[in-house]
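Visitor: Model the following, please.
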Amino acid sequence: AASHTRATRRLACMEGRVPVGVVLALCCSLTAASQTCAFALPPSSLCGLPARSLQGEVNKGEGLFSSRTASSSIGSVLSGRRGITTKGFLGSVPSALGHLGGARGGLLRKSLRGGGQQISSLRSTASSTAAMSATLHTLKFDNSFIRDLPGDPVSEYDKVKGNKPRQVEKSAYSLVLPTAVKDPKLVSFSKECAALFDLPEEECKKQEFADILAGNKLFEGSEPMAMCYGGHQFGNWAGQLGDGRAMSLGEVINSKGERWELQLKGAGPTPYSRTADGRAVLRSSVREYLCSEAMYHLGVPTTRALSLVLTGDEVIRDMFYDGNAKPEPGAVVCRVAPSFIRFGNFELPASRGDEETLLKLLDYTLQRDFPAISAKFSGADAYVELLKEVCRTTALMTAHWMRVGYVHGVMNTDNMSILGLTIDYGPYGWVDNYDPEWTPNTTDGMRGRYKFGNQPGVSFWNLVRLANALYPAVKDVEPLQEALVEFEKAMTDNMSDMHRQKLGLAEWRGEEDEKLYAELCKCMEKQETDMTILFRKLGDLAVKEGGVDEGGMLDVLQDAFYKPLKESTEAEWKSWLSKYAKRVKEDDVSDAERRQAMNKANPKYVLRNFIAQQAIDAAADAGDFSLVQEVLEVMRRPYDEQSKEMEAKYFIKRPDWARTKPGCSALSCSS
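Guide: Numbers count the residues shown, from 1 in each chain. Next comes the predicted model:
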């Protein structure tokens, strides 16, 4: 009580002078009725959100985002307000594309994450094995998560408890075993992802590869485990969640000294499966597999997908929770990332008052995944620096989502990667006609918490939840507040540079260009305009060579409109095009140079829902997986001009039939 009083007085004095209005009220309540963590920091005033944001959507017991001092901050970057001229938002992508996609490369593409003599030995020999190819029997496992962190004392071999759902205390994981399937058959594998493990294509075509990645066999050195974590789901604390149908096979060190974790999704129940079966169906597995790789090739920070395997078993699912459950083909996806640690991994021990496990997990994460921080800082200072870095990388990831028109659909804190990677491809979707109000998730349809335009604000909300979890380790509010400011800075910088590159401008002129971008968004929303096609076609405008002809320029954009232009909207478009042409002419850049630059920022091909659904239908209805492979090939080169055949199939607006078709217009978390 005394601590609570002191903190409240201190926060009262601070209110009004925190740079972005971030004021957190310290709550030390230990009442059983509370669903927030015992040392929570629920927000009373945070960075302002878009006007159409989370108002009324956040759990009322935790407060709302309603900053008086910064009501235009986070939300405003969506429409181009408050821009700051920056460098390198997309310019840094190529260095990262080699492994992770996005601009995370410098931090994430480090040598080895983790300690121990075994790791040091591997590091010293990495250069001598750089040219070696691995086999399914020679992968070098170093399962540091199991070695260095406390685990569930219940053995996976316990026939009574084993994988039985239960509350797991004071543990970071539970050892588990995959459940064998009837008839594993490889549908597809990613050669780029296989290269991360030095696996040649011939190894991936072996039946043993399918057997292992379906869960019927294990790699030598594999130690399957499921992580224990919690999370806030749709704004409410959900308690223990954990890997309910995912299990890590272990961490592999490749010939470059990089650490990559293999994780099976759909390989059977774990202690965290609750009432579910731990399985996954083909439709959701195809979507996850294709999207993981599509995002990588788009340059968006993401987890990867190594393989898609058909199990030969049927799985019962009620796709829209309407009582119409039916059997569907089962499948398993092998996901890959340097780490699958989530915000929720820290939230759960904090909520339970388990400071010992929280500190061990924090120190482990810093040592393995953030060695640059752990080398310079220790204790509370290191935890604050970690939060700053996660703020920056989460902002970058979110800005990339906004750039390509991606909507995650279920941004719960247990679906937020500590590395700033897109994770858990569930009811996601791509914006067809530009609409900041759109969400693909039927579960979120009425509330719209996770709609396209809300994503920057929700990312920040989730980061505050992470700050809540770190408080028991930091034991001071102010440094956490200051760390959270990093998100607004990074989000504003990234969004400004993203807007600049999407418009093909040589430099960002702040308010002038912000207004230009905002007016374009209004035109797109009012007219029902395909976001992907519009920005791609915008690069085709001949402004300098062809002069300013609004009518001619509008003709170039016609393919992006879902309906014929009305007279009033046509006038608005011509007005905007006139302003845009005038602005472009002021840059010392030719049309050809501008087009080349814009085509690197504006993809021609994205994994629209109807494209993924066509591949799913062919696979599920006719056992034809050729479309899965064709779509994967197209998405490997999303910025390139491809054949006329591929353009006719995949560079098109959403067909009318897809407006209402399940899987195209609406999805659920059922998978």
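Visitor: For the helix or strand hosting Glu482, which helices and strands make contact with it?
Guide: Per DSSP states H and E: Glu482 is located in helix 477-503. Helix 477-503 is packed against helix 2-14, strand 23-24, helix 73-76, helix 379-404, helix 455-474, helix 511-527, helix 591-601, with contacts defined by 3 or more C-beta pairs under 8 Å, 6 or more residues apart in numbering; DSSP states H and E. C-beta: built from backbone N, CA, C; applies to glycine.
Visitor: angle of the fifth one against helix 379-404?
Guide: For helix 455-474 and helix 379-404, the angle between their directions (axes from the mean of the first three to the mean of the last three C-alpha atoms, to 10 degrees) works out to 170 degrees.
Visitor: biggest strand in this protein by residues?
Guide: Determined from DSSP state E, the single longest strand within the chain is strand 304-317.
Visitor: Now the next helix or strand after it: average pLDDT?
Guide: With elements assigned by DSSP H and E, the helix or strand that comes after strand 304-317 is strand 326-337. Averaging pLDDT along strand 326-337 yields 96.
Visitor: quick check: angle from strand 326-337 to strand 304-317?
Guide: Going by the same axes, to 10 degrees, strand 326-337 makes 160 degrees with strand 304-317.
Visitor: buried stuff in the helix or strand hosting Gln613?
Guide: If you go by DSSP H and E, Gln613 is part of helix 609-622. Buried residues in helix 609-622, counting neighbours by 16 or more other C-beta atoms under 10 Å, are found at Asn609, Phe610, Ile611, Ala612, Gln613, Gln614, Ala615, Ile616, Asp617, Ala618, Ala619.
Visitor: What is the nearest of those to Thr179?
Guide: Lowest distance from Thr179 to those (C-beta to C-beta) belongs to Ala619, with 22.7 Å.
Visitor: Surely Val634 is in contact with Lys604?
Guide: No. Contact criterion C-beta atoms under 8 Å: Val634 and Lys604 do not qualify, at 9.6 Å.
Visitor: Quickly list what's touching both of the two.
Guide: Among the neighbours of Val634, those also in contact with Lys604 (C-beta atoms under 8 Å, 6 or more residues apart in numbering) are Gln642.
Visitor: low-confidence ranges in the stretch 151-300 of the chain?
Guide: Along the stretch 151-300 of the chain, segments meeting pLDDT under 70 span 156-162.
Visitor: mind redoing it with 80?
Guide: 155-163 (pLDDT under 80).
Visitor: Where does pLDDT dip in the stretch 451-600 of the chain?
Guide: 544-549.
Visitor: do that again at 90, thanks
Guide: 543-552, 568 (pLDDT under 90).
Visitor: And the contacts of the host helix or strand of Asp211?
Guide: In the assignment (DSSP H and E), Asp211 maps to helix 207-214. Residues outside helix 207-214 that contact it (C-beta under 8 Å, 6+ apart): 136, 178, 181, 184-186, 189, 203, 217-219, 264, 267, 306-307, 309, 311, 332, 334.
Visitor: Stretch 434-447: how far from the chain's middle?
Guide: 17 Å (C-alpha atoms, centre = their mean, to the nearest Å).
Visitor: Tabulate the CA atom coordinates of that stretch in CSV.
Guide: In CSV, the C-alpha atoms belonging to stretch 434-447 read as follows (Å, rounded to 0.1, in the frame of the first residue of the first chain):
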residue,chain,number,x,y,z
TYR,A,434,-8.5,0.6,-49.4
ASP,A,435,-10.5,0.6,-46.2
PRO,A,436,-8.9,1.4,-42.8
GLU,A,437,-12.0,0.0,-41.2
TRP,A,438,-11.7,-3.5,-42.6
THR,A,439,-10.8,-6.6,-40.7
PRO,A,440,-10.9,-10.2,-42.1
ASN,A,441,-11.6,-11.8,-38.7
THR,A,442,-15.3,-12.7,-38.2
THR,A,443,-14.6,-13.0,-34.4
ASP,A,444,-13.6,-9.3,-34.5
GLY,A,445,-16.2,-8.2,-37.0
MET,A,446,-18.5,-6.3,-34.7
ARG,A,447,-15.9,-4.6,-32.7
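Visitor: May I see the buried residues of that stretch?
Guide: Result for stretch 434-447 [16+ other C-beta under 10 Å]: buried residues Tyr434, Asp435, Pro436, Trp438, Thr439, Pro440, Asn441, Thr442, Thr443, Asp444.
Visitor: Could you export those residues as TSV, including pLDDT?
Guide: TSV is the format used below for the buried residues of stretch 434-447 (pLDDT from 0 to 100):
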residue	pLDDT
Tyr434	98
Asp435	97
Pro436	97
Trp438	94
Thr439	93
Pro440	92
Asn441	89
Thr442	84
Thr443	85
Asp444	83
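Visitor: What is the nearest of those to Lys170?
Guide: Once C-beta to C-beta is applied, the member of the buried residues of stretch 434-447 that ends up nearest Lys170 is Thr443, at 32.0 Å.
Visitor: tally of neighbours for Gly323?
Guide: 6 (other C-beta atoms under 10 Å).
Visitor: same check, this time on the one 5 residues further on
Guide: Applying the criterion other C-beta under 10 Å, we find 20 residues in the vicinity of Glu328.
Visitor: I'd guessed Trp619 sits against Val628; true?
Guide: In this structure residue 619 is Ala, not Trp. Yes. Ala619 is within contact range of Val628, at 6.1 Å (criterion: C-beta under 8 Å).
Visitor: Can you check which residues contact both of these two?
Guide: By C-beta under 8 Å, 6+ apart, the residues touching both Ala619 and Val628 are Val187, Val286.
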